[in-house]
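> Got a predicted structure plus its sequence, pasted below:
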Amino acid sequence: MEQDERIQINVFDAEQGNALYEQKEKMQKMTQELLKFGFAPNQAKVYIYLGKYGPKTASEVFKALQLPRSETYFILNLLQNKGIVTTEFSSPTKYYGLPLEQALSLLVNTEKEKLSVLVKKQEVLKKLWDTIPSYTVEKDVPKNEKLQTIQGVECIYSKVKNLIESAKEEILIFCSEKDLSGFYHADILDMLKDSLKVKIIVSPAEKTPSFFDELNKKVIRLLPTSSTENQCYVIKDNDEVLLFLRNTIHPSNNLFAVWSDSKSLIDSMHALFTYSWSNAKVCR
């Protein structure tokens, strides 16, 4: 029993060299993946803990994960409301984690339902918007360059998709292999139309990622000399740029990007891309 208690308490904090370290790395990776399904980090830990260690009381959860008591109760109630944690009628109450496949299916279906409701309301809101008088009078006012900050993987990927959908001539992407993987799993790469001139630089990289086998390798070049994986930007038609200030080396909820139509910024990023393209390796 003491051994089980020690494992439960230390598994998320195991040091390198400890027998539990490999297990800790897997749990940390699982935690990061669950963030993409709307979990906060501690919510993901609680769910993993219940799923892998079985039914637990609230006190067992906060002691094992070393979380504040109030936060633990809040998380357990939240996960219950999402339908992915259940309880049994016992004293004290024990909490069960829904099997992963069922939990993910439930979360995905919930998001689909939310999206379906928004789609249905879209036309209604457009009509309502048009009935409200507009008091803006447009004159010959010089166009000011704009800047927009965007945080979170969903919002940033949505902006990338918007750039691709509105592109008429060219899409240039400079990214790390992790960023490219994120674009792939978000179905962003599938949106690249044959009518567009597409160029993608992956850096740092020595070989083309395996999931790129189905795409035209002529549009991809590799730049192995970069010492960091934090560079990522997208240029559309040389009139818009999305520059990642924090990319996929950070947790998904901490991704941070800046969009702009500033000509000077776009020209600078375009020149950097052109230079990098000429020095990158052709995929074979």
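That came through, no problem. Remember, predicted model here, so these are calculated numbers, not experimental data.

> tell me what the biggest helix by length in the chain is packed against?
Longest helix in the chain by number of residues, with DSSP state H as the criterion: helix 100-131. Under the contact criterion of 3 or more CB pairs under 8 Å, 6 or more residues apart in numbering; DSSP states H and E, helix 100-131 touches helix 69-82. From N, CA and C alone the C-beta is placed, and that goes for glycine too.

> can you rerun that using 10 Å?
With contacts defined as 3 or more CB pairs under 10 Å, 6 or more residues apart in numbering; DSSP states H and E, helix 100-131 has these neighbours: helix 21-35, helix 41-53, helix 69-82.

> highest average neighbour count across these?
Ranked by average neighbour count under the criterion mean count of other CB atoms under 10 Å, the helices and strands packed on helix 100-131 are headed by helix 41-53 at a mean of 20.

> With only the CA atoms kept, save it in CSV.
Coordinates of each C-alpha in helix 41-53 appear next as CSV, following Å, rounded to 0.1, in the frame of the first residue of the first chain:
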residue,chain,number,x,y,z
PRO,A,41,-3.3,21.2,-17.6
ASN,A,42,-4.5,20.3,-14.1
GLN,A,43,-7.8,19.0,-15.5
ALA,A,44,-5.9,16.7,-17.8
LYS,A,45,-3.8,15.4,-14.9
VAL,A,46,-6.9,14.7,-12.8
TYR,A,47,-8.5,12.8,-15.6
ILE,A,48,-5.3,10.8,-16.4
TYR,A,49,-4.9,10.0,-12.7
LEU,A,50,-8.5,8.7,-12.4
GLY,A,51,-8.2,6.8,-15.6
LYS,A,52,-5.0,5.1,-14.8
TYR,A,53,-5.2,4.6,-11.0
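
> now the angle between helix 21-35 and that helix, please.
120 degrees (axes from the mean of the first three to the mean of the last three CA atoms, to 10 degrees).

> Is residue 150 bridged to anything, and to what?
Note on residue 150: beta-bridge partners residue 257, judged by DSSP bridges.

> Can you give me the distance of it to residue 272?
Taking CB to CB, to the nearest Å as the measure, residue 150 falls 21 Å from residue 272.

> And these two? Which one has more around it.
residue 150 (19 against 14; other CB atoms under 10 Å).

> Wait, the more buried one touches residue 260, no?
No: using CB atoms under 10 Å as the test, residue 150 is too far from residue 260 to be in contact (11.1 Å).

> which residues are common contacts for those two?
residue 242 (CB atoms under 10 Å, 6 or more residues apart in numbering).

> dump the residue contacts of residue 263.
With contact taken as CB under 10 Å, 6+ apart, residue 263 is in contact with 145, 238-239.

> want to throw these into JSON lines with secondary structure and distance to residue 255?
Below are the contacts of residue 263 laid out as JSON lines (DSSP: H, G, I helix; E, B strand; the rest coil; distance: CB to CB, whole Å):
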{"residue": "145", "secondary structure": "coil", "distance to residue 255": "24"}
{"residue": "238", "secondary structure": "coil", "distance to residue 255": "24"}
{"residue": "239", "secondary structure": "coil", "distance to residue 255": "23"}
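
> Give me the below-cutoff pLDDT ranges for the stretch 1-150 of the chain.
1-22, 136-143 (pLDDT under 70).

> quick one: contacts for the nearest residue to residue 94 once chain neighbours are set aside?
Distances taken as CB to CB, 6 or more residues apart in numbering put residue 55 closest to residue 94, at 4.2 Å, once the chain neighbours are dropped. Residues in contact with residue 55, defined by CB under 10 Å, 6+ apart, are 86-88, 90, 93-97.

> So which of those residues are in helices?
Among the contacts of residue 55, no member is found in helices (DSSP H).

> What are the structural domain limits within the protein?
Per automatic domain parsing, the structural domains of the chain span 2-101, 147-282.

> Go through the ones you listed and name the closest to residue 124.
Smallest distance to residue 124 across the domains of the chain (CB to CB): 21.4 Å, for domain 147-282.
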